[in-house]
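Colleague: Task: produce atomic coordinates for the following.
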Amino acid sequence: MVDTTGSYTVSAWVTLDSLPGNYASAVSQDGRRQASPFYLQYGQGAFAFSTPDGQRARLATTPETGRWYHLAGVRDDATNQIKLYVDGELASTATAGPAYVATGPLAVGRAKYNGENTDFWSGAVDEVRAYDKALTAEEVSALYNGEKR
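Modeller: Below you'll find the model as predicted:
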């Protein structure tokens with residue numbers, strides 16, 4: 001479980017069997033509010049690291065089905081920013097949404113919204129990692145290169 005009230009990083013290797021109609025979440029964390037504190041996801045034509053209030057660091061792309069991608073989402077409490085890395089490269093930066101308290105476990109392959117499991121991932125999720133700090137660009141790149149598929 002990640003302390004979602006401060007800085008943190010989540011990463012995973014993901015592959016999609018099919019593209020979702022709306023959103024599909026590879027990794028999220030359950031909370032007591034309507035929305036999860038974060039979502040590492042694909043949807044509406046983009047990989048995204050999303051936080052509450054619709055704050056998303058997005059990379060518009062149409063991923064190849066069956067291809068592995070490394071995604072990392074970073075929340076930096078000091079700068080109030082979220083960052084999305086795709087295959088070890090910074091893809092997008094955005095202002096972070098509210099720092100909701102996580103009350104549940106990391107969820108792999110789904111999200112939770114309004115108390116219900118939703119946004120199921122159609123594909124595989126592997127090598128999920130969570131860190132209680134904002135990894136630097138160099139650390140994310142090293143993580144990607146150390147686990148390259």
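
Colleague: May I have the host helix or strand of residue 90 as PDB, with CA atoms only?
Modeller: Residue 90 is part of strand 89-95, with elements assigned from DSSP states H and E. Extracted in PDB, the C-alpha atoms of strand 89-95 (Å, rounded to 0.1, in the frame of the first residue of the first chain):
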ATOM      1  CA  GLU A  89      10.900   8.500 -21.100                       C
ATOM      2  CA  LEU A  90       9.000  11.400 -19.600                       C
ATOM      3  CA  ALA A  91       5.800  11.600 -21.600                       C
ATOM      4  CA  SER A  92       3.700  14.200 -19.800                       C
ATOM      5  CA  THR A  93       3.500  16.400 -16.700                       C
ATOM      6  CA  ALA A  94       0.300  17.900 -15.100                       C
ATOM      7  CA  THR A  95      -0.900  19.500 -12.000                       C
END
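
Colleague: For residue 98, give me its contacts.
Modeller: For residue 98, the contacting residues are 51, 52, 53, by CB atoms under 8 Å, 6 or more residues apart in numbering. For every residue, glycine as well, the C-beta is placed using N, CA and C.

Colleague: Just give me the residue right at the centre of the chain.
Modeller: The chain has residue 40 as the residue nearest its centroid, 1.8 Å off, counting by CA atoms, centre = their mean.

Colleague: how near is the residue lying closest to that one once chain neighbours are set aside to residue 115?
Modeller: Distances taken as CB to CB, 6 or more residues apart in numbering place residue 27 nearest to residue 40, at 4.3 Å, with adjacent residues excluded. As judged by CB to CB, to the nearest Å, residue 27 and residue 115 stand 19 Å apart.
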